[in-house]
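> sequence first, predicted model second:
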Amino acid sequence: MSGPASAPAAYQHGIYPRSEAVVAATRDLERGRATADLVDGAYRADREAFLEAQRVAGLDFLSDGLLRWQDLFRPLVMGSEGLEARVLVRWFDNNSFYRAPEMAAAPSLREVPPWVLEDGIPEPRVATLPSPYLFSRVTLGGGRPDDLMLGLARDVLAPAVARMAGTGHRLFHLEEPWIPYAGIDEGSWPAFERAVGLVRDAAEGAAVVLHAYYGDVAPHADRLRRLPVDAVGIDFVGTGLDALPAPWGTGLVAGCLDGRSSVMEDPAAVAAFVRRAADRLEPTALYVSSASELELAGPEVAPRKLAVLGEVARRLREEAG
Amino acid sequence: MSAVREAEAAVLTRPLLTHELGSLGKPNWRVRAVAGAPIEDRDLEDARAWGERLGVEGQEELLDLLKQAPLERTGKDEVKRWSSRYGVRFLETVGLDVVYDGEQQRSEMYQWAVAHAEGFEARGSVRAFDNKYYSKAAVTGPIGLREPYHNEEFAFVSEVARAELKVPITGAYTIADWSFDERYFTDTDLGTPGRAASRREARRAFILDVARDLIRPNLEALIGLGAGWLQIDEPGGSTDPAELDLFAESFNESVRGLEAVFSTHLCFSDYDLFFPGIEAMTQCRQFAVGFANYDSRELGTRTEDRPGYRVLPKFRDLPYRPVLGVGVLDIHTDFIEPPELVRDRVLHSVEVFEDPTRIHVIPDCGLRTRSWEVAFGKLRNLVTGVELAKGQLGL
C-alpha cells in the first residue's frame, strides 16, 4: 500500500520497450543467425538496465518490465487450459497488435510461466495484468461476455494473482483501456464488480489498482471509484481533472505522463498538476505513474519518461515533507 | 479521362482480378549482402534455387556478385535490384494479374518514406507484434520531400515486369499516425484549457502537411514516369474512429486533380469504424482490405460460414461504387489456405456484391513476415482458388 495521500508512491506499469539489442537478437534468432543463449543474455541485460533505471528514479514498486511478454495476455493464455492465441488484433488506436485469446474450452490457469515470476526482481514488486473486463472483451469465442469475465477472473486471473502474491508482488496493476475507449454497458457493472472482487480476494493483502486509460475516463469515473480496489488509475492525458467527482473516495493512480508521446514533460509542471489533483480529489492513497504503458514510447524515449516520473515523485515527496 | 487512364480503369474492373499487396520477405542473401556481411553457401544455394524456380534471367550474374561479398555501395544497390527482379518474377510465377516487386528495394514502408523526407528524426524501434518492430521517427521540422523516393524503383520494375503494375506508396495518414509529433503539438501541461481541441487542430495540420508536401509530389513524379495505378497504403487509416474525417481528407488532398487510378489498402482494424467516414473518398477506385485474419478456416459460402467478411455490404453500398480487393490470405500464419477455402471466400464476396467486376482477390496484407516458401504456397492457392471460383461463376 502507498502511504498517506500526501506522500505518493511511484511505479511504472505495463510492458516496457525492449532495447535495440533485444530487437536485433530476437530478429537474428528468427533468421537463424543467433542462439537462444544470446537472446537470453540480451533480455537479462535489458532487465538489469530497467531495474537500475527504476532504482535511480527512486520508484517505490519495482517491475521486470514484462520484457518477455509478447502482449498483455500471452503468458496467461500460454499458462491456461482452454485458451489459445492466434488472430492478430489492433491494440486500440495504436500501430501495435496483440494475439486475441481464443476460447477452445472453459479457461483454467495451469501455471504462471516461471519467467513471469522473475526471481531476480527485488521486493516490493508491482505486477501488471489485464483487467477482467478487458480480458473478457478481447477474448474470442467465449459466449456471454459477462459470464466469461467472471470465469476468467475466478479461474485464470485470481489463481495467477495468488501465485504472484507469494513471490513478492505487493501491488497488482490491472490494465483497463477498454472502458474509456469503447465503453461498457450499464448492465455489466455488477459482474465487473464481482470479477474485480475475485481478483482482489486472491491478492493476500497486496494492493490492487484498476487503471483506466486510452480515453476520457470521466463518464465512467463514478462507477470505477466504487469498485472493490485500493485505487483507480486515471489517464490524465485524456481526462480533464475538473470532470472527476470529488471527493474521490478511494486511492488514485495519477497517470500523468503521456506514454505515446516523445515530448518530455516538465517535472515541475507535472508535480504541480498531481498536487492539484490530490488537493481536489482527496484520494485515500496516491500513486503516480504514466498514463499508459511506455512500450509504445520505444527504447529511446521511455527511459527519459521514467526519469521524469522519478523526478515528479521526488518533488511531490519533498513538498509533502 | 485520357485513353491511358481509361485503359487503367478497364484493368481495375476486370472480374476477380488478382494482385499482390506490397511487401515480400527479403531473402537472406539480400539482407546479408546489403548489411555488408559475407554470404554463406546456403544463401547462394537459396538464390540459385529460387532463381531457377522463378526463371530469373541471368541469375549467374547475381551469384557471381554475391560471391564477392562483402560489397561496396554500388554492389549493394545491384543486389537490391536483383532482389527486386526476383520479387517481380515471384509474383508473376504464382500467376497474379497485377504485380510489383515485393518492395525489395525499400527498407520498410514507413521507414523508407521518412528516410527520404525532410523534417523527421529517428526515435528507435517500436514493437508492432510479437518480435516484429518498426523504426519510429518524430516530426521535428518543416516537412518536405528530399527526393521522389519511388522513381528509380518504378523505372526498374517497369523494365523488368511482364505483368501489369500497381505501385504501392505509404499514405499520409499512416506516416503521421506512426510518427511522434515534436513539432505541431508540444503542450504537455495537462491543465491547459481546450487542450484536446488544440491537439486535434495540430494533428490535422500535421497530416495534411504530409499529404501535400510529401505524398502528393511523389505521386506526381510517379505519374510523370507513367505509373497508372497507385495504391496508397493506409494500415493506420482506421486506428482512431474520431479521425476518419482526417484520413479521408488526407487521401483527397494527396490525389486531388491528379490523373491516375488511386486505390487504398486498409488492414487489421474494426472496419465498421470506416463508415460513413470513407464516403468522402470519392477518388478512391478500389479498397484493398484484409479479412481472412478474422475468418473461419471451414469451407462454406453462406454469411454464417464467413464471419470475417460480415462488413462486405457496407463496402458494397458506398455511393461511388468502388471495387473491393478482398483479402483471402491470413498473412500472420504459415497456414496455407486451400484453394477451396479461397474459392468459398471469393464466391461469398461475389454473392454479397452481386457483381464480380467489383471484386478483386488479394492477400490480407504484405507477406513480408512469411518465408518465400510459405508465401509462394499461399499465393499459388489464391490464384487456383480464383480459377475455381471463376469456373463456378462461368467467368
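Structure's in. What do you need?

> number of nearby residues for the nearest residue to B:L273 once chain neighbours are set aside?
Residue nearest to B:L273 in three dimensions, not counting chain neighbours: B:P241, with 4.4 Å by C-beta to C-beta, 6 or more residues apart in numbering or on different chains. (Glycine included, C-beta is placed from N, CA and C.) By other C-beta atoms under 10 Å in any protein chain shown, the residues close to B:P241 number 15.

> does B:P241 touch B:Y271 like I think?
No: with contact defined as C-beta atoms under 8 Å, B:P241 does not reach B:Y271; the gap is 11.2 Å.

> where along the stretch 201-321 of chain A do the strands fall?
A:207-212, A:231-235, A:251-257, A:286-290 (DSSP state E, counting those that start in this stretch).

> quick one: the first one to strand A:231-235, angle?
Right, the one you point to is strand A:207-212. Orientation check (axes from the mean of the first three to the mean of the last three C-alpha atoms, to 10 degrees): strand A:207-212 against strand A:231-235 gives 30 degrees.

> how about the nearest residue to B:I143, chain neighbours excluded?
The nearest residue in space to B:I143 (C-beta to C-beta, 6+ apart) is B:G119, at 4.2 Å.

> what is the burial count for the one you found?
Using other C-beta under 10 Å, B:G119 is surrounded by 21 other residues.

> doesn't it belong to a helix?
No: with DSSP: H, G, I helix; E, B strand; the rest coil as the criterion, B:G119 is located in strand rather than a helix.

> dump the residue contacts of it.
B:139-144, B:183 (C-beta atoms under 8 Å, 6 or more residues apart in numbering or on different chains).

> could you do B:F274 as well?
For B:F274, the residues meeting the contact criterion (C-beta under 8 Å, 6+ apart) are B:237-238, B:244, B:266, B:314.

> residues near residue 29, how many?
No chain was given, so I picked chain A. 16.

> nope, chain B please
B:W29 has 27 neighbours, counted by other C-beta under 10 Å.

> helix, strand or coil for the residue nearest to it when sequence neighbours are not counted?
In this structure, B:W29 finds its nearest non-sequential neighbour in B:D43, 4.1 Å apart by C-beta to C-beta, 6+ apart. Under three-state DSSP, the three-state class of B:D43 is helix.

> what number of residues lie near the closest residue to A:L140 other than its chain neighbours?
Leaving out its chain neighbours, the residue that sits closest to A:L140 by C-beta to C-beta, 6+ apart is A:E102, at 4.7 Å. A:E102 has 16 neighbours, counted by other C-beta under 10 Å.

> one more: B:D209?
Residues lying near B:D209 (other C-beta under 10 Å) number 21.

> OK, contacts around it?
B:D209 sits next to B:I143 when contact means C-beta under 8 Å, 6+ apart.

> what residues sit buried inside the strand or helix carrying it?
According to DSSP states H and E, B:D209 maps onto helix B:195-210. Residues of helix B:195-210 classed as buried: B:195, B:199, B:202-204, B:206-210 (neighbour count, 16 or more other C-beta atoms under 10 Å in any protein chain shown).

> please tell me how far A:A291 sits from A:P180.
Look at A:A291 and A:P180: by C-beta to C-beta, to the nearest Å, they are 11 Å apart.

> list residues touching both of these two?
Common contacts of A:A291 and A:P180 (C-beta under 8 Å, 6+ apart): A:213, A:235, A:238.

> out of those residues, flag the one nearest to chain B.
Ranked by distance to chain B (C-beta to the nearest C-beta), the shared contacts of A:A291 and A:P180 are led by A:G238 at 8.1 Å.

> what parts of chain B come near chain A?
By C-beta under 8 Å from any C-beta of the partner chain, the residues of chain B that approach chain A are B:28, B:31, B:123-131, B:133-134, B:136, B:138, B:177-178, B:180-182, B:186, B:188-191, B:235-236, B:239-240, B:268-270, B:293-294, B:332-333.

> please, where are all the strands along the stretch 101-250 of chain B?
B:117-129, B:132-145, B:164-165, B:167-170, B:180-181, B:229-233.

> follow-up on the earlier one: could you check the angle strand B:117-129 makes with the helix holding B:D209?
110 degrees.

> any idea how far helix B:195-210 is from the chain center?
Here helix B:195-210 is found 26 Å from its chain centre; the criterion is C-alpha atoms, centre = their mean, to the nearest Å.

> now swap in stretch A:11-21 and tell me
12 Å.

> what mean pLDDT does that stretch get?
Averaged over stretch A:11-21, pLDDT sits at 98.

> can that stretch be found next to chain B?
Yes: using C-beta under 8 Å from any C-beta, stretch A:11-21 reaches chain B at A:17-18, A:20.

> just put the residues you listed in a markdown table and tack on secondary structure and distance to B:A10.
Converted to a markdown table, the residues of stretch A:11-21 next to chain B look like this (DSSP: H, G, I helix; E, B strand; the rest coil; distance: C-beta to C-beta, whole Å):
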| residue | secondary structure | distance to B:A10 |
| --- | --- | --- |
| A:P17 | coil | 48 |
| A:R18 | coil | 49 |
| A:E20 | helix | 48 |
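
> JSON lines for those residues, including distance to B:I223?
Converted to JSON lines, the residues of stretch A:11-21 next to chain B look like this (distance: C-beta to C-beta, whole Å):
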{"residue": "A:P17", "distance to B:I223": "40"}
{"residue": "A:R18", "distance to B:I223": "41"}
{"residue": "A:E20", "distance to B:I223": "38"}
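
> are any of those residues buried, and which?
A:17-18, A:20.

> neighbouring contacts of stretch B:238-257?
Stretch B:238-257 is contacted from outside by A:90, A:93-95, B:171-173, B:176-177, B:203-204, B:207-208, B:210-212, B:215-216, B:219, B:232, B:234, B:237, B:262, B:264, B:266, B:269-271, B:273-274, B:277-278, B:280-284, using C-beta under 8 Å, 6+ apart.

> C-alpha coordinates for it, CSV please?
What follows is stretch B:238-257, C-alpha atoms only, in CSV (Å, rounded to 0.1, in the frame of the first residue of the first chain):
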residue,chain,number,x,y,z
SER,B,238,-8.9,3.4,-39.1
THR,B,239,-6.9,3.4,-35.9
ASP,B,240,-8.8,6.3,-34.4
PRO,B,241,-12.5,6.5,-35.3
ALA,B,242,-12.6,10.1,-34.3
GLU,B,243,-10.0,10.9,-37.1
LEU,B,244,-11.6,9.2,-40.0
ASP,B,245,-12.5,12.5,-41.5
LEU,B,246,-8.8,13.5,-41.3
PHE,B,247,-7.9,10.2,-43.0
ALA,B,248,-10.4,10.8,-45.8
GLU,B,249,-9.3,14.5,-46.1
SER,B,250,-5.6,13.5,-46.4
PHE,B,251,-6.4,11.0,-49.2
ASN,B,252,-8.3,13.6,-51.1
GLU,B,253,-5.6,16.2,-50.5
SER,B,254,-2.9,13.7,-51.8
VAL,B,255,-4.7,12.9,-55.1
ARG,B,256,-6.9,15.8,-56.0
GLY,B,257,-6.8,16.7,-59.7
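
> let me know how buried B:D213 is, in neighbour terms.
Burial of B:D213 is recorded as 17 neighbouring residues (other C-beta under 10 Å).

> wait, it sits on B:G141?
No: counting by C-beta under 8 Å, B:D213 stays clear of B:G141, with 11.7 Å between them.

> got the contact list for A:A271?
The contact partners of A:A271, by C-beta under 8 Å, 6+ apart, come to A:312, A:315-316, A:319.

> run the last query once more with 7 Å
A:312, A:315-316 (C-beta atoms under 7 Å, 6 or more residues apart in numbering or on different chains).

> please report how far the nearest residue to it once chain neighbours are set aside lies from chain B.
Residue nearest to A:A271 in three dimensions, not counting chain neighbours: A:R315, with 4.0 Å by C-beta to C-beta, 6+ apart. Using C-beta to the nearest C-beta, to the nearest Å, we find A:R315 at a distance of 15 Å from chain B.
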